[in-house]
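Participant: Fold the stuff below for me.
(chains A and B)
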Number of protein chains: 2
Amino acid sequence: MSIVVVGSVAFDSLKTPYGEREKILGGAATYFSLAASQFTKVRVIAVVGEDFTAKHEDVMRSRGIDTTGLVHSEGKTFHWGGEYHAENINDAKTKFTDLNVFQDFKPEIPAGYRDSDFLFLANIDPVLQLQVREQLPNVKLVGGDTMNLWINIKNAELHDTLKRVDILLINDSEAKMLAHDNSLPRAARKVLDLGPKALVIKHGEYGATIFFRDGEFEGTHHPFRAPALPLEEVVDPTGAGDSFAGGFMGYIASQGKMTRSVLKQAMFYGSVMGSFAVERFGTERLESVTRAEIEKRLALFRDLTHLD
Amino acid sequence: MSIVVVGSVAFDSLKTPYGEREKILGGAATYFSLAASQFTKVRVIAVVGEDFTAKHEDVMRSRGIDTTGLVHSEGKTFHWGGEYHAENINDAKTKFTDLNVFQDFKPEIPAGYRDSDFLFLANIDPVLQLQVREQLPNVKLVGGDTMNLWINIKNAELHDTLKRVDILLINDSEAKMLAHDNSLPRAARKVLDLGPKALVIKHGEYGATIFFRDGEFEGTHHPFRAPALPLEEVVDPTGAGDSFAGGFMGYIASQGKMTRSVLKQAMFYGSVMGSFAVERFGTERLESVTRAEIEKRLALFRDLTHLD
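Facilitator: Residues are numbered from 1 along each chain as shown, chains lettered A, B, ... in the order given. Below is the predicted model:
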């Protein structure tokens, strides 16, 4: 079943211990779409500028991603600049954020997207997230992401949006900040009280844990943890979390149901897609990875965690 | 098969978000022994002072631990004082370290211990660790622990000891410090080049990963990761790592062989024992936990990580 994703399509200028890149294709919606397209039909909603060429759009098109909802506006595409240092490779240091055309982004759902069963609200202003969610009232499942910026400056709006999100995907520090609690398991319970039926907390190199609200998903509230692959070389961490979300939501959409066992499998596919994303700069690895390589790595993740 | 452990038997004075305790039974060898005694015969080598009573010794004896190697010296028992804060419950702030009788500790192997097949060198001066190791040249497997203090002030001696250790158990920061590398997987490979056939890196609330030297343990060098239990209430983190080591080494000794599958199971039992240790102050929970409770929690750890 098809999934709609709304979020940023951007250019990134990056520096990591492995090199530098200028204005390469990036953005949460881009990473999400490329990862999810391995599992299901993806429809993207985003805005780009005049510097966004057909070549850039073909990266998504060639993966079968529907770009009807990709609005081309006058001006420049959202441009993010950042650095990663060896001391803590997963910690991005933002150098600049040029919102450009993204500043006046008013997401609208193309008619052809309205029959979609799944929706992912990538990390954008929670007010826009809610507007999109309201335009697709009948979807089966809504996933969402957010960040410390919105937790700080749009906390009330974020709380409204969370009431309409089924599964929230955030990282350790965002969960602790959102819940005002330094214990992750306690923070998870408090975030689930805000609306979501399930919460995925991403731990970076330590993997990710999904917490379930009591009574949801066959009643068992036991959390489930997927590992991350111990990688000696993280070439570019950009988009790891969005690729995780793409693999996670894409697999759920491909199954069309939200059982505990589907969500567990989705956690592993999410980690697998995240592990590919960081192997090369930008979207390079996600553009080339094959389903066979994905299944092979899934077996590696199983070997990494299963007793038998 | 029996395992000898050499390390500290101490008194701890603690403060955590859940309360305070004065001079309660502690020490690496104590936690290790109590955890390992659930799986195999344990023989302890340590020194205590005149303030160490029969009541304290009975905590070990009542678990069938052989205390022949527990030397009673004139003076006071090693006394550690520390605090844990809610911001980072796993990070101990040392208030004082009174070595007392531990200062002149010269570990000797009782005659009755010499037929032991397994040895664990808890976190003490690497020079003492090597002396003990040399006195038991025929053991099947040697496990060891160390800390940032020894990595800093006795680096050369530690390197000599590591050449005679089969499995080293340390935490993230110790591994990075020992290898001079901020990438855990790379640090792991470098530490394995120092001697150990396997390296267990403990990630605190994120679990632990065992890395295997190429060619060892059926040739597959793929790492294996055990989770930690997402606990809402960590009452007292003291001894979590030593309890992990006790469960890990104790299970291996109980199996008598070092196959990859035994080591994987041992990783889970280590995490299980660590999860019990932190539920109450000091050794309280380890004194009361039953094998049935351990097996029940092992099933929970499986549920937390296994797809099927």
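
Participant: which residues touch residue A:215?
Facilitator: residue A:221 (CB atoms under 8 Å, 6 or more residues apart in numbering or on different chains). All C-beta atoms are positioned from the backbone trio N, CA, C, and that covers glycine.

Participant: ok, now how distant is the most centrally placed residue in chain A from residue A:89?
Facilitator: A centroid search over chain A (CA atoms, centre = their mean) returns residue A:242, at 2.8 Å, as the residue closest to the centre. Distance, residue A:242 to residue A:89, by CB to CB, to the nearest Å: 17 Å.

Participant: Over to residue A:182?
Facilitator: For residue A:182, the distance to residue A:89 - CB to CB - is 24 Å.

Participant: got the residues of chain A near chain B?
Facilitator: A:86-89, A:182-186, A:188-189, A:203, A:205-207, A:209, A:211, A:222-225, A:227, A:230-234, A:261, A:264-265, A:268, A:300, A:302-308 (CB under 8 Å from any CB of the partner chain).

Participant: Sitting in helices, which of these do you find?
Facilitator: Counting by DSSP state H, these place A:184-186, A:188-189, A:261, A:264-265, A:268, A:300, A:302-305 in helices.

Participant: can you pick the most crowded of the residues you listed?
Facilitator: Of all those, the highest neighbour tally under other CB atoms under 10 Å in any protein chain shown goes to residue A:188, namely 27 neighbours.

Participant: Check whether that residue really touches residue A:214, as I assumed.
Facilitator: No: with contact defined as CB atoms under 8 Å, residue A:188 does not reach residue A:214; the gap is 11.8 Å.

Participant: Just list the residues touching residue A:236, thanks.
Facilitator: Applying CB under 8 Å, 6+ apart, we find residue A:236 in contact with A:14, A:16, A:18, A:21, A:84, A:278, A:280, A:281, A:282.

Participant: Mind doing that once more with 7 Å?
Facilitator: Listed by CB atoms under 7 Å, 6 or more residues apart in numbering or on different chains, the contact set of residue A:236 reads A:14, A:16, A:278, A:280, A:281, A:282.

Participant: so how far is residue A:55 from it?
Facilitator: Computed as CB to CB, the residue A:236 to residue A:55 distance reads 20 Å.

Participant: How far does stretch A:246-253 sit from its chain's centre?
Facilitator: Relative to the chain's own centre, stretch A:246-253 is displaced by 10 Å; criterion: CA atoms, centre = their mean, to the nearest Å.

Participant: sorry, back to before: the more surrounded of residue A:182 and residue A:89?
Facilitator: For residue A:182 versus residue A:89, the count of surrounding residues by other CB under 10 Å is larger for residue A:89: 22 against 14.

Participant: can you count the residues close to the nearest residue to the more buried one once chain neighbours are set aside?
Facilitator: Of all residues not flanking residue A:89 in the chain, residue A:234 sits nearest, at 4.9 Å (CB to CB, 6 or more residues apart in numbering or on different chains). Using other CB under 10 Å, residue A:234 has 22 neighbouring residues.

Participant: Please verify my assumption that residue A:234 contacts residue A:88.
Facilitator: No: using CB atoms under 7 Å, residue A:234 is not in contact with residue A:88; the gap is 10.8 Å.

Participant: on contacts alone, who are the packing partners of the helix or strand containing residue A:253?
Facilitator: Using DSSP states H and E, residue A:253 sits within helix A:240-255. Here helix A:240-255 touches strand A:3-6, helix A:28-36, strand A:118-121, strand A:141-145, strand A:198-202, helix A:260-277, going by 3 or more CB pairs under 7 Å, 6 or more residues apart in numbering or on different chains; DSSP states H and E.
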